[in-house]
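>>> Sequence plus predicted model, see below.
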Amino acid sequence: MMKIDARGMYYRNLNKTIRDAVASGEKEFDLINVNGQRYIGDGLQGSDVKIDIHGVPGNDMAAFMDGPTLIVHSNAQDDVSNTMNEGKVVIHGHAGDVLGYGMRGGKLFVKGDAGFRVGIHMKGYMDKMPVMIIGGTAGNFFGEYMAGGVLILLGINRKKDTPIAGDYLGTGMHGGVMYIRGEVDQYQCGAEVGVSELNDEDKKKLSALIKEYCDDLGFNYNEIMSEKFVKLYPKSSRPYGKLYAY
Amino acid sequence: MSNYDFQKDIAGCGLTGIISTKGRKISGSVIRCSIACQHDRGNGLGGGFAAYGIYPKYKDYYAFHLMYDNMEAKKAAEAYLDENLTVDLAEEIPTKKSKAIPTSPILWRYFVKVKDNKRGSSVTNISDDDIIVNSVMHINSDIHGAYIFSSGKNMGAFKGVGFPEEIADFFMIENYEGYIWTAHNRFPTNTPGWWGGAHPFTLLDWSIVHNGEITSYGINKRYLEMFGYKLTLLTDTEVVAYLLDLLIRRHGLRPETACVALASPFWKSIARMPENEKQIITALRMVYGSALLNGPFAFVFGYTRGMVGMNDRIKLRPLVVASKDDMVYMASEESAIIEICPSPERVWAPKAGEAVIVNLDKDVAA
């Protein structure tokens, strides 16, 4: 296990140290005193690589990541898991805007709230099935242009007057599925979004993912599953097919 | 060289604001740490700071900070100042040349009051603030090579071309103590990186640091010109400083109301509001349509008794707020707050268009 004290370390040096160590066979890392260093885990490969991060990592963490596991024992900033291909990111706090942009594989679990534009253009193909679970609430544009994968929003510990998601929920959605634990107003949703109850297959999928999420972040599975979820899905796979053709 | 050999980091501007609601004075070295943590949000083409409470000895004077391209500009501006204002103290702004900032405009400051015989009467209804604004507009637009970049009481802006930590060292901001500080790290996109174009932009005690673009600049500029403002600094952010002056000082709106005018709710949200609120917000949008700021932004503005942070209406730029004891912090990135406040009591991201307004406690004299 490699321990790195990142205090005052420029992001390039930190990331080069990690990259070089991975290249020479190191599998486990413990980063302490991280604060604001960008690009941690970007493009990193190796499904057996695990990085523990103490402190607030900078923007663009786990972009294009392809296999490793990152555990953030704190809050995280913007642009986590941009176009991530495989691997897992677990954040034990809240996270910022634009999480999982164009994410195409792997898992991103956030314990607290997430910001605006989360899960935009997530996509899935055959065995590639990205999953993002947000424990708290999310801002506007959640799952905008969603093309594939699974987005789950739990709204744990939210105040009574706080909506679980903002406006433009799933606007432009044309693939994938969202499971939201609570009420969703059709007013919030994009025109392409259907809202329904979960079928047995949905429940099976949801249950397995929530189990894993609870194991990673210490939530009580039964408590989370005791509340009702709704399913959001694309009503049409080609909502604008006739936009310029009628 | 291939197309892939891209050495430029693409980023946005960075900003930080801090306020002690008890009016406690904080050294400039604190905010320097925070903005330096966001180094990579800028590209070395602009850095700056605004500080409140730094000139207690001259707190009844307007503190003018000027930059001059040459001595002729200085002579012309000083002749104008002498004619229209009482200048109690004129001195060079202390600076420390460095490898990073080897050259600069000529930088002077003046502590001034409006001359008694130039003062408005109850008949003319012109305040000292109006006269000061007119002086700023006159010098910035009509005296070639002279720019007033700070004109408030007991506050000052320090800015230039360089990374903010370099500008901090250049102006030795560690020697100033303020109860509000704002800082900016610039990454100019559409407009030149020059000394006058660095943030903060100020007028009287308004100061603003901004990340993003005001794409409504043209509309806002024409609107402001109808009220006598002259936009000379070649940067979109300038309109926000003057809009604040117009809406809050001249039209008497409260800061929270002015913020609604600048980033008003969408019509589809207004349609769902209770009747009373619907009428108020509709009226604001009708009256202040030309003050509406379009485009992506996060900004922090300061004034004598407070600090406000706000995003555009769909939150296209980051802004994080944190609090601990009497302190409130705002920054583009959470790490920039953690750098100077390792364990805040609360950290949150305001929603789109939601103004976070932090005022000094009522019993604090500023």
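Here it is on my side, so go on.
>>> Find the nearest non-adjacent residue to the residue in chain B that chain A sits nearest to, please.
Distance from chain A to each residue of chain B (CB to the nearest CB) is smallest for B:Ser335, at 3.0 Å. In this view, the C-beta of every residue, glycine as well, is placed from N, C-alpha and C. For B:Ser335, ignoring the flanking residues on the chain, the nearest one in space by CB to CB, 6 or more residues apart in numbering or on different chains is A:Gly36 at 3.0 Å.
>>> number of nearby residues for A:Ala114?
Using other CB atoms under 10 Å in any protein chain shown as the criterion, A:Ala114 is surrounded by 30 other residues.
>>> what about it, distance to B:Lys75?
58 Å (CB to CB, to the nearest Å).
>>> Run a quick neighbour tally on B:Leu233.
Neighbours of B:Leu233 under the rule other CB under 10 Å: 20.
>>> so is it in a helix, a strand, or just coil?
With DSSP: H, G, I helix; E, B strand; the rest coil as the basis, B:Leu233 sits in coil.
>>> surely it meets B:Tyr147?
Yes. In this structure B:Leu233 lies within contact range of B:Tyr147 using CB atoms under 8 Å: 7.3 Å.
>>> overlap in contacts of the two?
Common neighbours of B:Leu233 and B:Tyr147 (criterion: CB atoms under 8 Å, 6 or more residues apart in numbering or on different chains): B:140, B:196.
>>> Can you mark which positions in stretch B:147-165 are buried?
For stretch B:147-165, burial by neighbour count (16 or more other CB atoms under 10 Å in any protein chain shown) applies to B:147-165.
>>> Report the distance from it to the chain centre.
On the basis of CA atoms, centre = their mean, to the nearest Å, stretch B:147-165 sits 9 Å off its chain's mean C-alpha point.
>>> so, in contact with chain B or not, stretch A:13-23?
No. Stretch A:13-23 stays clear of chain B (CB under 8 Å from any CB of the partner chain), getting no nearer than 12.8 Å.
>>> Residues in contact with that stretch: which ones?
For stretch A:13-23, contacts defined as CB under 8 Å, 6+ apart pick out A:2, A:4, A:6, A:29, A:31, A:34, A:37, A:39-42, A:44-46, A:49, A:51.
>>> Who wins on neighbours among these?
Highest neighbour count within the contacts of stretch A:13-23, by other CB under 10 Å: A:Gly41, with 30 neighbours.
>>> To which secondary structure element type does that one belong?
Following three-state DSSP, A:Gly41 is assigned to coil.
>>> Which residue is the nearest non-sequential neighbour of it?
Closest residue in space to A:Gly41, ignoring its immediate chain neighbours: A:Ala62 at 4.6 Å, by CB to CB, 6+ apart.
>>> swap in B:Leu243?
In space, B:Leu243 is closest to B:Ala291, 5.3 Å off (CB to CB, 6+ apart).
>>> what about the one you found, how many neighbours?
Counted with other CB under 10 Å, B:Ala291 comes out at 24.
>>> what do you get for B:Asp88?
Neighbour count of B:Asp88, defined by other CB under 10 Å: 12.
>>> in terms of contact, does it touch B:Tyr61 like I think?
Yes. Counting by CB under 8 Å, B:Asp88 does reach B:Tyr61; the two are 6.0 Å apart.
>>> got any residues that touch both of these two?
Residues touching both B:Asp88 and B:Tyr61 (CB under 8 Å, 6+ apart) are B:111-113.
>>> give me every residue that touches the single nearest residue of chain A relative to chain B.
Residue nearest to chain B within chain A (CB to the nearest CB): A:Gly36, separated by 3.0 Å. Shown in contact with A:Gly36 (CB under 8 Å, 6+ apart): A:56-58, A:77, B:37-38, B:333, B:335-336, B:338-339.
>>> Identify each buried residue in the helix or strand of chain B with the lowest mean pLDDT, please.
Here the helix or strand of chain B ranked lowest by mean pLDDT, DSSP states H and E is helix B:267-270, holding a mean of 93. Buried residues in helix B:267-270, counting neighbours by 16+ other CB under 10 Å, are found at B:Ile270.
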